[in-house]
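> Give me the fold of what follows.
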Amino acid sequence: MDNHDDDARNLEQLLESLIKMVGKANHNVDALQKRVSQLEWLIKEQQFELRERGLIRIYSKHPHRSSHLI
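Next up, the predicted model:
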């Protein structure tokens, strides 16, 4: 009878551990989805700003010349 009680207790502990693991995994997925949404919003904002302002040239038009000579 004790063996049956131990098995039931072990099974209950295993089930509790699995529930905790799933809960943590769901929390991590939610946090990741939130971060992805933030990044998507930032990308859209940057694209909008680039369209509004036009592209800003970072590099020289003459790549083989030094920029201070141009």
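> where in this protein is pLDDT low?
Applying pLDDT under 70 to the chain flags residues 1, 55-70.
> Try it again at 90.
1-4, 47-70 (pLDDT under 90).
> How many residues are close by Ile43?
When neighbours are defined as other Cβ atoms under 10 Å, Ile43 has 10 of them. To be clear about C-beta, it is placed using only N, CA and C from the backbone, and glycine gets the same treatment.
> name the element it belongs to?
Following DSSP states H and E, one finds Ile43 within helix 2-53.
> Show me what that helix packs onto, helices and strands only.
Under the contact definition 3 or more Cβ pairs under 8 Å, 6 or more residues apart in numbering; DSSP states H and E, helix 2-53 sits against no other helix or strand.
> just how off-centre is that helix within its chain?
11 Å (Cα atoms, centre = their mean, to the nearest Å).
> number of nearby residues for Arg44?
Arg isn't right for residue 44; it's Lys. The burial count for Lys44: 10, using other Cβ under 10 Å.
> Ignore what I typed, I meant Asp7.
For Asp7, the count of nearby residues is 10 (other Cβ under 10 Å).
> Check Glu49 too.
10.
> how much space between it and Arg9?
Distance of Glu49 to Arg9, computed by Cβ to Cβ, to the nearest Å: 60 Å.
> do Lys34 as well
Lys34 is 38 Å from Arg9, by Cβ to Cβ.
> same thing with Ser17?
Using Cβ to Cβ, Ser17 is found at 13 Å from Arg9.
> Leu42 now?
Leu42 is 50 Å from Arg9, by Cβ to Cβ.
> Quickly note the distance from the residue nearest the centre of the chain to Val22.
Nearest to the geometric centre of the chain sits Leu32, at 4.0 Å (Cα atoms, centre = their mean). The spacing between Leu32 and Val22, counted by Cβ to Cβ, is 15 Å.
> Report how many residues lie close to Lys34.
The burial count for Lys34: 10, using other Cβ under 10 Å.
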